[in-house]
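Peer 1: can't give you the sequence, but here's the structure:
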């Protein structure tokens, strides 16, 4: 077969198989590696080389940061369909956070070159990633407003709803990882006894339950929406 025929066949095949972001993020390939982790496994540590982006195919990951004095803070709990580690795309040479699996996880690691190539060459993938970044920016603004103006009870309700992915595309995950009350307190910015008090209140009102894990019901929205 001639080189011309080979190139022609490659062009025809490419036209028959347009780029699909979902397939790209669900499969391994050049510069892409599927990583399977167990609960409490570390994805990367603060200070590691920042050389790739991760996409959560399944499971949940906790991002934390430790100050020079040793104080740890939880920045986010990320779930299915979310990216993390994207700082490498803006010149970040070292990780500024630690990422730990809080459930069994399946992640896709995209090397920096593969990620940049997809962003530059595939508009559909670029749209997906940009949409994600915009949602994250909006979420951070909402979290800041929440911290400044809302009570710790409302902040806790909002964190639980976010963990259950209420308001996201697709069906909410009503069963979420049973995080410790201390972890929830750090995320909300309050004390563990206050979290314990509100969790008992939410359970008594039927907003949450512990059957088969921490179960969040849509009625918890009443706490966030009530003035």
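Peer 2: Arrived safely, thanks for sending. Keep in mind that this is a model prediction, so the values were computed, not measured.

Peer 1: which residues in this structure form helices?
Peer 2: 3-16, 21-26, 112-121, 123-149, 152-163, 181-188, 192-204, 221-225 (DSSP state H).

Peer 1: can you tell me which residues contact the residue nearest the centre of the chain?
Peer 2: In the chain, the centroid-proximal residue (CA atoms, centre = their mean) is residue 78; its distance is 2.4 Å. By CB atoms under 8 Å, 6 or more residues apart in numbering, the contact set of residue 78 is 56, 60-63, 84. To be clear about C-beta, it is placed using only N, CA and C from the backbone, and glycine gets the same treatment.

Peer 1: Over to residue 179?
Peer 2: Residues counted as contacts of residue 179 (CB under 8 Å, 6+ apart) are 77, 102, 163, 214.

Peer 1: Spit out the contact partners of the residue nearest to the last one when sequence neighbours are not counted.
Peer 2: So the one you mean is residue 214. Spatial nearest neighbour of residue 214, chain neighbours left out: residue 178 (4.8 Å); criterion: CB to CB, 6 or more residues apart in numbering. Neighbouring residues of residue 178 by CB under 8 Å, 6+ apart: 210, 213-214.

Peer 1: And those, which is closest to residue 33?
Peer 2: Nearest to residue 33 out of the contacts of residue 178 is residue 213 (CB to CB; 29.6 Å).

Peer 1: What sits closest to the closest one if chain neighbours are left out?
Peer 2: Per CB to CB, 6+ apart, closest to residue 213 is residue 175, 4.4 Å.

Peer 1: And for the residue lying closest to residue 119 once chain neighbours are set aside, the neighbour number?
Peer 2: Nearest non-adjacent residue to residue 119, counting by CB to CB, 6+ apart: residue 126, 5.0 Å away. By other CB atoms under 10 Å, 14 other residues sit near residue 126.

Peer 1: same check, this time on residue 138
Peer 2: Neighbour count for residue 138, taken as other CB under 10 Å: 10.

Peer 1: any idea how far it lies from residue 131?
Peer 2: 11 Å (CB to CB, to the nearest Å).

Peer 1: OK, contacts around the closest residue to residue 203 other than its chain neighbours?
Peer 2: Nearest residue to residue 203 in three dimensions, chain neighbours excluded: residue 209, at 6.5 Å (CB to CB, 6+ apart). By CB under 8 Å, 6+ apart, residue 209 lies in contact with 203, 215, 217.

Peer 1: From those, pick the one nearest residue 41.
Peer 2: Nearest to residue 41 among these, with distances taken as CB to CB, is residue 215, at 25.2 Å.

Peer 1: Contacts for stretch 131-141, please.
Peer 2: 82-83, 86, 162.

Peer 1: Mind picking the two most distant members of those?
Peer 2: Using CB to CB, those span at most 19.2 Å, a distance reached by 86 and 162.

Peer 1: Any of the contacts of residue 179 buried? List them.
Peer 2: Buried members of the contacts of residue 179, scored by 16 or more other CB atoms under 10 Å, are 77, 102, 163, 214.
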